[in-house]
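1. Quick one, what's the 3D model for this:
(one chain, ligands or ions: 2)
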Amino acid sequence: MTVTILAIESSCDETSASVCMDGKIRSNIIAGQKVHEQFGGVVPELASRAHMQNIIPVADKALKDANCELQTVDAIAFTQSPGLIGSLLVGSQFAKSLAQSLNKPLIAVHHMQAHVLANLIDNPKPNFPFLCLTVSGGHTQIVLCESPIKMKVIGETIDDAAGEAFDKSAKLLGLPYPGGPLIDKYAKDGNADRFKFPEPHIPGLNFSFSGLKTSILYFLQNAGKSNLYKEEFNATEEEKQGFIQNNLADICASIQHRIVTILLNKLKKAAIETGIADICLAGGVSANSGLRKAFEEAGKKYQWRTFIPAFEYCTDNAGMIAITGYYKYLAGEFTDLSVTASARADW
Ligand code: KG4
Ligand code: ZN
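-> Ligands and ions are numbered 1, 2, ... in the order given. This is a model prediction of the structure:
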């Protein structure tokens, strides 16, 4: 008997639906929201409204593309937490109503656990236990995954997420939101050793990125003059812009290099401490070409088996909610219809 899951994701600014049959993703429809671009970040109220508009057409298309009749679905999975509360409420209420009207079980999914399990969508799959570095706009975590339903966070950021570090750095350079992909693009032609941004010394497996942002701020205020990372020389706006323009590729490459080394050094430490050699990436920042390259190189050097989900399963998507829903279905982990969405979530 085939197990068919219909999954809904609406935690931030992507409305997505996916159909999964026996652990294989049959469709993964994602509707982005252009409306936020002009504001330089996601506007929660606008995100909720866009989800309201998109959710039914997106779910319809996911069913259609999978060649699936709604009545044949065995369970409805949805992102219950964490995320923007208004956005989560739209998806969760839609999922609850569907489950009730179809009289099918409901499965609540933790968005960050789903990012990790995106690594179980395609082959080859990692063996348990594995480690996953999840890097997104809102989170940076090292997760120890013992089974599809048992995982724990063993390291995380104490301030900004890696994606925020990219986006905030890009903003300081005058680049539009989200600036992460642009830093990646310009970094390709740059010299990563040209500017040395400091690496924070944070104990254990935790990360910190806020110091990097401050050092970039001072660095730009100094416009390439001596004592780069201290508040010493206040360049005029013209000097600053000229400096950025003439050195954009090297600045981007140096920033990207620092973010990547912060991430990789902690991941290496986690691999040594746990003795685990099946290691995954997840989250939107895993699209970064510098991170992917450094991750694969570390894999070769330290004899890890490395895994990165296909790009459409790295950024926010319902495919990862569907695969998580599938494993929860097999484990009999259902939730009742009184469940509510939650902006924050424990593991
Ligand atoms: O996982 P995601 O799609 O959304 C959540 O935050 O949940 O991640 C989005 C983040 C943004 O900060 C974006 O700038 C970053 O991922 N990002 C990148 C790249 N592509 C996306 N950062 C650096 N290089 C990229 N190529
Ligand atoms: Zn996400």
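
2. list the helices and strands the strand or helix carrying Val143 packs on?
-> Assessed by DSSP states H and E, Val143 sits inside strand 140-147. Using 3 or more CB pairs under 8 Å, 6 or more residues apart in numbering; DSSP states H and E, the elements in contact with strand 140-147 are helix 111-117, strand 130-135, strand 150-156, helix 237-274. The C-beta positions use only the backbone N, C-alpha and C, and glycine is treated the same way.

3. what about the residue of the stretch 51-200 of the chain found nearest ligand 2, distance to Ala287?
-> Minimum separation of the stretch 51-200 of the chain from ligand 2 (CB to the ion) falls at Ser136, amounting to 4.4 Å. Using CB to CB, to the nearest Å, we find Ser136 at a distance of 10 Å from Ala287.

4. more neighbours, those two?
-> Neighbour totals were compared for Ser136 and Ala287, and Ser136 leads with 23 against 17 (other CB atoms under 10 Å).

5. Excluding chain neighbours, what is closest to whatever residue of the stretch 1-150 of the chain ends up closest to ligand 1?
-> When scored by CB to the nearest ligand atom, the stretch 1-150 of the chain has Gly137 as its residue closest to ligand 1, at 2.7 Å. Counting by CB to CB, 6 or more residues apart in numbering, Gly137 lies nearest to Gly163, which is 3.6 Å off, once chain neighbours are set aside.

6. so that neighbour touches Ser286, yeah?
-> No. Gly163 is not in contact with Ser286 according to CB atoms under 8 Å; the separation is 10.2 Å.

7. shared neighbours of these two, anything?
-> Residues touching both Gly163 and Ser286 by CB atoms under 8 Å, 6 or more residues apart in numbering: Val135.

8. so where do the strands sit in the chain?
-> With strands called from DSSP state E, the chain shows them at 4-9, 15-21, 24-31, 75-81, 106-110, 130-135, 140-147, 150-156, 278-282, 305-307.

9. list the helices and strands the third one packs on?
-> Strand 24-31 makes packing contacts with strand 15-21, helix 44-65, helix 318-330 when contacts are defined by 3+ CB pairs under 8 Å, 6+ apart.

10. what comes up buried for the last one?
-> Within helix 318-330, the residues that qualify as buried by neighbour count (16 or more other CB atoms under 10 Å) are Ala318, Gly319, Met320, Ile321, Ala322, Ile323, Thr324, Gly325, Tyr326, Tyr327, Lys328, Tyr329.

11. And the longest one, by the same measure?
-> Residues of helix 44-65 classed as buried under the neighbour-count rule (16+ other CB under 10 Å) are 44, 47-52, 54-55, 58-59, 62-63.

12. pLDDT added to the residues you listed, as a markdown table?
-> Formatted as a markdown table, the buried residues of helix 44-65 follow (pLDDT from 0 to 100):
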| residue | pLDDT |
| --- | --- |
| Pro44 | 91 |
| Ala47 | 93 |
| Ser48 | 95 |
| Arg49 | 95 |
| Ala50 | 94 |
| His51 | 96 |
| Met52 | 96 |
| Asn54 | 97 |
| Ile55 | 98 |
| Val58 | 98 |
| Ala59 | 98 |
| Ala62 | 98 |
| Leu63 | 98 |
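
13. how about the residues you listed, which pair is most distant?
-> Pro44 and Leu63 (28.2 Å; CB to CB).

14. Tabulate the helices and strands packed on strand 140-147 (TSV), appending mean neighbour count and mean pLDDT.
-> Formatted as TSV, the helices and strands packed on strand 140-147 follow (neighbours: other CB atoms under 10 Å; pLDDT from 0 to 100):
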stretch	mean neighbour count	mean pLDDT
helix 111-117	27	97
strand 130-135	26	98
strand 150-156	17	97
helix 237-274	18	96
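
15. Among these, which comes closest to Asn206?
-> Ranking those by proximity to Asn206 (CB to CB) places strand 150-156 first, at 5.4 Å.

16. now the angle from the closest one to strand 140-147?
-> 160 degrees (axes from the mean of the first three to the mean of the last three CA atoms, to 10 degrees).

17. count of neighbours near Pro181?
-> Counted with other CB under 10 Å, the neighbours of Pro181 add up to 16.

18. list the contacts for the nearest residue to it once chain neighbours are set aside?
-> Distance criterion CB to CB, 6+ apart; nearest residue to Pro181, sequence neighbours excluded, is Ala287 at 7.1 Å. Ala287 sits next to Pro181, Asp184, Phe311, Cys314, Thr315 when contact means CB under 8 Å, 6+ apart.

19. Could you pick out the residues of the stretch 101-250 of the chain near ligand 2 for me?
-> Applying CB under 5 Å from the ion, we find that the stretch 101-250 of the chain lies next to ligand 2 at Ser136.

20. Return the residues of the stretch 101-250 of the chain in contact with ligand 1.
-> Where the stretch 101-250 of the chain comes near ligand 1, counting by CB under 6 Å from any ligand atom, the residues are Ser136, Gly137, Gly138, Gly163, Phe166, Asp167, Pro178, Gly180, Pro181, Asp184.

21. pretty sure the last one contacts Arg292?
-> No. When contacts are counted by CB under 8 Å, Asp184 is not listed as touching Arg292 (9.9 Å).

22. Could you give me the buried positions within the helix-or-strand element of the chain with minimal mean pLDDT?
-> Every helix and strand of the chain was ranked by mean pLDDT, DSSP states H and E. The lowest is helix 210-221, at a mean of 91. Within helix 210-221, the residues that count as buried by 16+ other CB under 10 Å are Gly211, Leu212, Lys213, Ser215, Ile216, Tyr218, Phe219, Leu220, Gln221.
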